[in-house]
Structures are given as structure tokens and as C-alpha cells.
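K.L.:
model the structure of this input:
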Amino acid sequence: MDPVTDSLDEVHRRLSGLRDGAVADYIPELAGADPDDFGIALVSMAGHSYRAGTTDKPFTLQSVSKPFVYALALSDLGVDEVLRRVGVEPSGDAFNAISLESGTGRPANPMINAGAIATTALVRAGSAEERFRRILDRLSAFAGRTLDVDEAVHASEAATGDRNRALAYLMRSAGSLRADPEETADTYFRQCAVRVTAADLAVMAATLADGGRNPVTGVQVVAEPDAVRTLAVMATCGMYDAAGRWMLDVGLPAKSGVSGGLIAAGPARFGVAVYSPPLDASGNPVRGVAALGVLSERFGLHIMHRPGLRAATVTGAERLAYDGRDIGLVTAQGVLEFTEFEALVHAVREVTPTVPGRVVLDLTAVTEVLPGPAAGMAAVLDDLAERGHRAAVAAQEPFVRADAGRPRTWEVFRTRQEALAWCASG
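P.N.:
Here you go, the predicted model:
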């Protein structure tokens, strides 16, 4: 009984046949990626993980490393000092564009390559080796496990990274980069070559979404203000010259990488990651963009979406002895969006009898249910029926409907008392 995973599975099946885009080959080691690899992972603020497809296969972070290193630089120096060296304005240019401020050489933002290289140089350290060690340690804390470097990819990047070296030398000549250009570029290549999985990236994104606290390990990786500022820059600059359309359609802070990784964060709700190597013209994973678009619409994830009631959604979860019967009762209120729906599902799991019995969902105080959660609740009720339980829904409106052509597997009542009476009578 896991309707969130079921939704990810359905999106994965729908988009697996999408064949648009091409695998990045300007870094030779990336050209061997399997274009059919496709995985989606999501981690909620409760630390629950949901996965579909290829979510445990390692690949390199590439540009998905940028927001996490930016958060580290903010932690080290503070926002004012970082802003003196790296701007926060969308460039409207490609990820590898020469986008430097006239007169200062300051790069436009930390999500393009020039800004990311400058940001890497801002991480406090006494040497290049210490700087990378601190970056790797912080990336590992975001992921909740020890990460390592794909040395073959690092060597491939170093052999073909002349444009990034040129950006470092340009910034050094303009005075915006004070560190050694060669050492800085190599540290940047190494951070891009750190290995992760889609499952790791979902935890990393969820850590930013949870105000810098890793919801799986409980570790406060960066301070909440630094996480907020990082998400803000991701929202405006994370998808390069496609950032405006992304925010219009999907509406989540996000960051992509040319190896096929894509992260997005729903503040205080979840982190999500997609791995799919074929890229569009802007360097964003084709299937990843499509998958996040579907999930955003289905679960109302757009950050500009009108939020529902944020009081506690599940107001009761208990097992009752009602007229001699063991009945699981879950009571909810307000608007059911993604986070509220997830809480409801886990409450149902907790109160469902261990042997076939009765379960009541009291939704009489619920005012709205989004389409994704409504379909998910129907799936939960169908699953209860398949396992021998009988379920009843008490609601003022028919929020939960069976799919067309399928019989309804639950009873519907207007009040909780009617639902409980039905449980006791049959």
C-alpha cells in the first residue's frame, strides 16, 4: 500500500519511451551513459523514501553540485561576502557562457560554470586538497552517506576542460577570482566528478527543502538561512536559459547536470531527483523535465500554488472497539495536498487491523482534495479491499472516486457515525 511509489511508477512507465534529447559527449567519459537509464526518487520531510526505475546506479554530480557548494560558501563567508564575488541574477545564457559583470568580472550567478568556479574558490581552506576535502565532506552530509569521486570522469573533464580553465583565468585577470586558476578549475572538476545515485540526490534535495536539515539522518548540514538563499537562486537560475519556462510550468527550485541528474525541492515538503542521461538543447534531462512537470501538476507542487490549511491534517488515528469489532479510524481536516496525503497514508497503515477488519476514513472536515491525492486514496482503499479489509469513507463531498470502469471497493457515508454503525452491523 504505497500510492506515492505507485504514482512514481506510473510516471516512469509513461515517460520511459520518450526518446528526445542526446547524451552529453563533450566530456568523453559521459558519452558512454545508457540513454535508457531512467529513475525517479522522492524523499519527504518525514524521511520517507519513494523510488521508481533506475535509482541506485552511480553517476557523477556535474552541475548538480553547484547549489550544495554555494550553500557551503554561504556558511563560510556569509551572504554579503559571497555576493561581492558572485551575483544572483539570471543570465539567460547557456551553462558554459562567458557571463561576467562589466568592470568587476563578477559572474552572473553561481549556477552557471563561471559562477560555480568562483564559488568553489570561496570555500575556506589552506590548500586545494583541504578545499576539496571540505566540499566532499559537505556533499556527503547532504547525501547522508560517504561519497567518492569517479576518477575516470575527473580525468576526462580535466583533459577537455579548457573552456572552464579560460573562465577561471578571465575572472583572475578581472580581479573577481583571487585563487590560482589551475587549482580552482581542478577542484571544480573533482566536485563535478563526485558519484551519487538518484536516491542520494533526493535526500540532498530534501535537505535543502528542510531548511538545511537532512530529514533521513537528522543532521543540520547548513543553517536554515543559507538553505533558503540557495533555494532562491535555484528557483531563478538553476535551469539556465530555460529557467523562466521551468518556473512557469513546474514551479520548483531546481538544478540539472549534464550527466542526466536533476533535483527539485518543495520547501518544507519534499526533495525529488530524476536520473536520465539524454539532454535537451539547454542541457536539462528531457525525461526529468517531463516527469517533474507531470508530478507538479498531479500533486499541486508549484510553489506559487495556493496553499491549503497548514494545521495538522491527521487529527486522529486510533483503533476502536466498536460494538465488539476492531475498527481502524483516521480523521483528517483541511486541504489534502502532497504532504497532507502522505501523512494520511501513514496513519492508515498504523491503524489497519492485523487481521481482516474494518477501516474508516473520516473526511467530513476535509474541504478539498487535489487530483493526485484523490487517486492515491482510492488506491489505498483498493489495497485494503485486496487484503480482506472493508473500508468506509465519511465525507461531505465525493472527494474519492473509483476509476472509470472499476467497481468502488469502499462504502460512502455522510457522517462518521453512519460509517461506524455500518462497520458494527456487517
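
K.L.:
okay, CA-based contacts and neighbour counts for the rest of this
P.N.:
Noted.

K.L.:
list the buried residues of stretch 287-294.
P.N.:
287-289, 291-294 (16 or more other Cα atoms under 10 Å).

K.L.:
any idea how far residue 425 is from residue 385?
P.N.:
Distance, residue 425 to residue 385, using Cα to Cα, to the nearest Å: 18 Å.

K.L.:
neighbour count winner among the two?
P.N.:
residue 385 (18 against 8; other Cα atoms under 10 Å).

K.L.:
among the buried residues of stretch 287-294, which ones are in helices?
P.N.:
Among the buried residues of stretch 287-294, the members falling in helices are 287-289, 291-294 (criterion: DSSP state H).

K.L.:
in the stretch 251-400 of the chain, where is pLDDT below threshold?
P.N.:
Applying pLDDT under 70 to the stretch 251-400 of the chain flags the ranges 306-312.

K.L.:
which parts of it are helices?
P.N.:
With DSSP state H, counting those that start in this stretch, the ranges of helices along the stretch 251-400 of the chain come out as 286-299, 338-351, 371-386.

K.L.:
okay, the angle between the last one and helix 286-299?
P.N.:
By that I understand helix 371-386. Helix 371-386 runs at 80 degrees relative to helix 286-299, counting by axes from the mean of the first three to the mean of the last three Cα atoms, to 10 degrees.

K.L.:
and helix 371-386, what does it pack against?
P.N.:
helix 3-15, helix 286-299, helix 338-351, strand 390-394, strand 410-413 (3 or more Cα pairs under 8 Å, 6 or more residues apart in numbering; DSSP states H and E).

K.L.:
report the rounded mean pLDDT for the next helix or strand after the shortest one.
P.N.:
Just to be clear, that refers to strand 410-413. Counting by DSSP states H and E, the next helix or strand C-terminal to strand 410-413 is helix 416-425. Average pLDDT, helix 416-425: 90.

K.L.:
what residues sit buried inside helix 416-425?
P.N.:
Of all the residues in helix 416-425, those buried under the rule 16+ other Cα under 10 Å are 416, 419-420, 423-424.

K.L.:
let's check: the centremost residue of this structure is which one?
P.N.:
residue 272 (2.1 Å; Cα atoms, centre = their mean).

K.L.:
one step back: may I see the buried residues of stretch 287-294 organised as JSON lines, with distance to residue 165 added?
P.N.:
Listed next are these as JSON lines, based on distance: Cα to Cα, whole Å:
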{"residue": "287", "distance to residue 165": "31"}
{"residue": "288", "distance to residue 165": "29"}
{"residue": "289", "distance to residue 165": "30"}
{"residue": "291", "distance to residue 165": "34"}
{"residue": "292", "distance to residue 165": "33"}
{"residue": "293", "distance to residue 165": "35"}
{"residue": "294", "distance to residue 165": "38"}
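
K.L.:
residue 225: which of the residues you listed is nearest?
P.N.:
The closest of these to residue 225 turns out to be residue 292 (Cα to Cα; 25.7 Å).

K.L.:
give the contact list for the closest residue to that closest one other than its chain neighbours.
P.N.:
Leaving aside its chain neighbours, residue 292 sits nearest to residue 250 (6.6 Å; criterion: Cα to Cα, 6 or more residues apart in numbering). Residues in contact with residue 250 (Cα atoms under 8 Å, 6 or more residues apart in numbering) are 292-293, 296-297, 301-302.

K.L.:
please apply the same query to residue 286.
P.N.:
Contacts of residue 286 (Cα under 8 Å, 6+ apart): 20-21, 276, 278-280.

K.L.:
how about 6 Å then?
P.N.:
279-280 (Cα atoms under 6 Å, 6 or more residues apart in numbering).

K.L.:
kindly report the same for residue 55.
P.N.:
39, 198-199.

K.L.:
quick one, phi psi at it?
P.N.:
Main-chain dihedrals, residue 55, degrees, to the nearest 10: phi -120, psi 0.

K.L.:
separation between it and residue 272?
P.N.:
Taking Cα to Cα, one finds residue 55 at 11 Å from residue 272.

K.L.:
also residue 325?
P.N.:
41 Å.

K.L.:
sort out for me which of the contacts of residue 55 are in strands.
P.N.:
Among the contacts of residue 55, the residues falling in strands (DSSP state E) are residue 39.

K.L.:
among the contacts of residue 55, name the buried ones.
P.N.:
The buried subset of the contacts of residue 55 (16+ other Cα under 10 Å) comprises 39, 198-199.

K.L.:
of these, closest to residue 114?
P.N.:
Using Cα to Cα, the buried ones among the contacts of residue 55 come closest to residue 114 at residue 198, 25.7 Å.

K.L.:
check the residue nearest to that closest one when sequence neighbours are not counted and give its pLDDT.
P.N.:
Excluding the flanking residues, the one nearest residue 198 by Cα to Cα, 6+ apart is residue 55, at 4.7 Å. You'll see residue 55 listed with a pLDDT of 98.

K.L.:
same thing with residue 35?
P.N.:
Taking residue 35 on its own, its pLDDT is 97.

K.L.:
again with the one 5 residues further on
P.N.:
Residue 40 is assigned a pLDDT of 98 by the prediction.

K.L.:
export the contacts of residue 55 to CSV and append columns for distance to residue 62.
P.N.:
Shown next, in CSV, are the contacts of residue 55 (distance: Cα to Cα, whole Å):
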residue, distance to residue 62
39, 17
198, 13
199, 16
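
K.L.:
so which bits of stretch 65-78 are buried?
P.N.:
In stretch 65-78, counting by 16+ other Cα under 10 Å, buried: 65-75.

K.L.:
of those residues, which is the nearest to residue 264?
P.N.:
Nearest to residue 264 among the buried residues of stretch 65-78, with distances taken as Cα to Cα, is residue 67, at 11.2 Å.

K.L.:
which residue, other than its chain neighbours, is closest to the closest one?
P.N.:
Leaving aside its chain neighbours, residue 67 sits nearest to residue 230 (6.1 Å; criterion: Cα to Cα, 6+ apart).

K.L.:
tell me the helix or strand right after the strand or helix carrying the one you found.
P.N.:
In this structure, residue 230 sits in helix 224-237 according to DSSP H and E. The helix or strand immediately downstream of helix 224-237 is helix 243-249, counting by DSSP H and E.

K.L.:
so how far is that following helix from its chain's centroid?
P.N.:
Distance of helix 243-249 from its chain centroid, counting by Cα atoms, centre = their mean, to the nearest Å, is 16 Å.

K.L.:
deepest of the helices and strands packed on helix 371-386, which one?
P.N.:
Highest mean neighbour count among the helices and strands packed on helix 371-386 (mean count of other Cα atoms under 10 Å): strand 390-394, with a mean of 24.

K.L.:
elements contacting it?
P.N.:
Under the contact definition 3 or more Cα pairs under 6 Å, 6 or more residues apart in numbering; DSSP states H and E, strand 390-394 sits against strand 358-369, strand 410-413.
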